[in-house]
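Chemist: What follows is a predicted protein model with its sequence.
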Amino acid sequence: MVDAYYALGAAEIERHNYNMNAIGKQIQENESQQLLTSEKVCGEVYAQLKTGDKLPVCVVNRFMNDLIMRLGIPYRKKVTAKMIGIYFEYREVRTNKQRFIELGKRII
């Protein structure tokens, strides 16, 4: 509980009603977010993807999933193309019934 206090703070622990399962999940989620925004991960994303790229959603999904698996990031939620929003402004585009992600400017 002491580690949780230092990792999350008193208000977050109270918000989870001192439920250790919920607190543990929140700690893991925070760690995942820190890893996803780390210099190494951002460097790999920006090396592969550029502002102005227009990619099929399935390609972005595969890229993000492969990146998370390869780097061993403990991410419990479903990996989606919208995760690219951590790194780029983006918009979804439909062309000929196919969905694309068009990347805007960098965020991080």
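Modeler: That came through fine. Everything quoted here is computed from the prediction, not taken from an experiment.

Chemist: For the residue sitting furthest away from the middle of the chain, grab phi and psi.
Modeler: Distance from the C-alpha centroid of the chain, by CA atoms, centre = their mean, peaks at residue 96 (28.3 Å). The phi and psi torsions at residue 96 (degrees, to the nearest 10) take the values phi 50, psi 50.

Chemist: Over to the one 5 residues further on?
Modeler: Dihedral angles phi and psi of residue 101 (degrees, to the nearest 10) take the values phi -110, psi 120.

Chemist: my read: it touches residue 54, true?
Modeler: Yes. Look at residue 101 against residue 54 with CB atoms under 8 Å: they come within range, at 7.4 Å. Where C-beta positions appear, they are placed from N, C-alpha and C, glycine not excepted.

Chemist: so what's in contact with those two at the same time?
Modeler: Counting by CB atoms under 8 Å, 6 or more residues apart in numbering, the shared contacts of residue 101 and residue 54 are residue 93.

Chemist: Those two: who's more crowded?
Modeler: The residue with more neighbours, out of residue 101 and residue 54, is residue 101; 22 against 11, by other CB atoms under 10 Å.

Chemist: If I look at that one, what pLDDT would I see?
Modeler: On pLDDT, residue 101 comes in at 95.

Chemist: could you measure it against residue 89, distance?
Modeler: Residue 101 sits 11 Å away from residue 89, going by CB to CB, to the nearest Å.

Chemist: Confidence-wise, which helix or strand of this protein is lowest on average?
Modeler: Every helix and strand of the chain was ranked by mean pLDDT, DSSP states H and E. The lowest is helix 2-8, at a mean of 59.
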